[in-house]
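A.B. asks: got a sequence here, can you model it:
(one chain, ligands or ions: 1)
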Amino acid sequence: MWPRGPDHDAASKALWSPRDPATFDGLVHYATLAANSHNAQAWRFRATPQGVSILPDMARALPVADGDHHHLYASLGCAAENLMLAAGAAGRSSALEFMAEGAGRIDIALADAGTADPLFDAILARQCTRSDYDASPVPVVDLAALDAAARVEGAEVMLITDPARIEQVLELILSANAAQVSDPAFAAELKSWLRFNASAAIETGDGLYSASSGNPTLPTFLGRFMFDRFFTVRAENDRYARQLRSSAGLAIIHSERDDPAHWVQAGRACQRFALQATALGIRHAHLNQPVEVESTRPQLQSLLGLGERRPDMVLRFGYAPPMPRSLRRPVAAVIEG
Ligand SMILES: Cc1cc2nc3c(=O)[nH]c(=O)nc-3n(C[C@H](O)[C@H](O)[C@H](O)COP(=O)(O)O)c2cc1C
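C.D. replies: Have a look, this model is predicted:
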């Protein structure tokens, strides 16, 4: 029989709780609570004389879903944003610079006399909510707040609430999703990051926990078997269409240029959007298929009239109850000496 796992609720409660943002470990804790692709946590943190460096962990890259490492650097940007908000909460200012040499890294210089940003207060409550929403609209004043919060140098958000427009983007989401689901390499990579039960999620502290996506928890062997049977274009497309049609709108994060420095900025914009949404009681989830599949990205770019700007991330937003949280590896596992 499938052994009952340790208590996922207890693990997530302990993780999603405050730390002292005045310490290096505290800053890293808040950084690791950021959104990140497949919850692979492809990041490492180093204390520097000026502050903190965030480095890519290429051993945790996603060669199929993210061949160019766009999502990896965007995830580092999400972590950087959380870290800078935490520094602000401890009264410190921060300045970010992307260093392109080698595999690239983010340097964050910390100084005295920073101010707290209320978005910090949303870090512990933010989650990607992959469920059906209640189809109610977001008030215009809240849309304006989302738009303003997501503005960073070189990246911003486009909010789409017109149902006809949403259907046009949905078409691209479904065609890109069909391409990914029918690619055995994509399915195998995704399957390797799925955590089918609480024990597996707690043991690794990473990956995509079934219950966080509204799926039943199962023994790992059975979960893998069911995934092979039920991960089909039809089932996945039906689910995404239903979920998007239950949402209040779409948020497209887009940036000035298509290079790692701007992917980081796009990640920061995305994290700020997610935190502002959380602060307003608005849920969000990613639907990135059309930016991940090379052939649909230019179609999305032209549909949205983005010109030369790169569409970086696609998210839906709306209202729904919370879902079980995702976990993280301990801070000690991501710190470099
Ligand atoms: C760059 C990036 C790409 C992502 N792509 C997807 C995606 O395509 N589908 C999805 O459901 N979630 C996606 N996510 C969300 C992550 O899976 C999620 O952040 C991670 O599992 C941790 O969960 P949490 O955000 O609820 O803490 C993405 C997140 C980032 C930052």
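A.B. asks: use CA for all of it now, contacts and neighbours both
C.D. replies: OK.
A.B. asks: I'd guess L55 is in a strand, am I close?
C.D. replies: Yes - when DSSP: H, G, I helix; E, B strand; the rest coil is applied, L55 is found to be in a strand.
A.B. asks: I figured it hits A47, correct?
C.D. replies: No - between L55 and A47 there is no contact under CA atoms under 8 Å: 11.2 Å.
A.B. asks: looking at those two, which is more packed in?
C.D. replies: L55 (20 against 17; other CA atoms under 10 Å).
A.B. asks: helices of the stretch 1-150 of the chain, residue ranges please.
C.D. replies: Remark: helices assigned in the stretch 1-150 of the chain by DSSP state H, counting those that start in this stretch are 8-15, 24-32, 70-89, 140-149.
A.B. asks: nearest to the ligand, of those?
C.D. replies: helix 70-89 (4.0 Å; CA to the nearest ligand atom).
A.B. asks: what's that closest one packed up against?
C.D. replies: Here helix 70-89 touches helix 24-32, strand 51-56, strand 92-99, strand 105-112, helix 260-279, going by 3 or more CA pairs under 8 Å, 6 or more residues apart in numbering; DSSP states H and E.
A.B. asks: tell me the most buried of the ones you listed?
C.D. replies: helix 260-279 (a mean of 28; mean count of other CA atoms under 10 Å).
A.B. asks: tell me the mean pLDDT over that one?
C.D. replies: Averaging pLDDT along helix 260-279 yields 98.
A.B. asks: check which residues of the helix or strand following it are buried.
C.D. replies: Sequence-wise, the next helix or strand downstream of helix 260-279 (DSSP states H and E) is strand 283-286. Burial within strand 283-286, assessed by neighbour count using 16 or more other CA atoms under 10 Å, is assigned to R283, H284, A285, H286.
A.B. asks: of all these, which comes closest to the ligand?
C.D. replies: H286 (4.6 Å).
A.B. asks: that closest one: what's it in contact with?
C.D. replies: By CA atoms under 8 Å, 6 or more residues apart in numbering, H286 lies in contact with C128, M313, V314, L315, R316.
A.B. asks: 10 Å instead?
C.D. replies: With contact taken as CA atoms under 10 Å, 6 or more residues apart in numbering, H286 is in contact with S37, C128, T129, R130, L250, A251, I252, M313, V314, L315, R316, F317.
A.B. asks: ok so, going back, would you list the helices of the stretch 1-150 of the chain in CSV and tack on distance to L306 and mean pLDDT?
C.D. replies: CSV is the format used below for the helices of the stretch 1-150 of the chain (distance: least, CA to CA, whole Å; pLDDT from 0 to 100):
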stretch, distance to L306, mean pLDDT
helix 8-15, 39, 94
helix 24-32, 30, 98
helix 70-89, 18, 98
helix 140-149, 16, 98
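A.B. asks: distance to A235 added to those helices, as CSV?
C.D. replies: Output for the helices of the stretch 1-150 of the chain, formatted as CSV (distance: least, CA to CA, whole Å):
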stretch, distance to A235
helix 8-15, 28
helix 24-32, 32
helix 70-89, 25
helix 140-149, 31
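A.B. asks: if I look at the closest residue to P18 other than its chain neighbours, how far off is the ligand?
C.D. replies: Residue nearest to P18 in three dimensions, not counting chain neighbours: L124, with 7.5 Å by CA to CA, 6 or more residues apart in numbering. Remark: distance between L124 and the ligand (CA to the nearest ligand atom, to the nearest Å) = 9 Å.
A.B. asks: begin at 819 from here
C.D. replies: Okay, using 819 as the starting number, the last item reads as L942.
A.B. asks: tell me which residues touch L942, please.
C.D. replies: Contacts here follow CA under 10 Å, 6+ apart; on that basis L942 touches K831, L833, W834, S835, P836, Y848, L851, A852, L1093, T1096.
A.B. asks: buried subset of the residues you listed?
C.D. replies: L833, W834, Y848, L851, A852, L1093, T1096.
A.B. asks: so where is the chain shaky, pLDDT-wise?
C.D. replies: Scanning the chain for pLDDT under 70 picks out the ranges 819-824.
A.B. asks: spell out which parts of it neighbour the ligand.
C.D. replies: With CA under 6 Å from any ligand atom as the criterion, the chain comes near the ligand at residues 853-857, 889, 892-893, 945-946, 1026, 1104-1106, 1143-1144.
A.B. asks: what's the local residue count around the closest residue to H887 other than its chain neighbours?
C.D. replies: By the measure of CA to CA, 6+ apart, the closest residue to H887 outside its immediate chain neighbours is A879, 7.2 Å from it. Neighbour count for A879, taken as other CA under 10 Å: 21.
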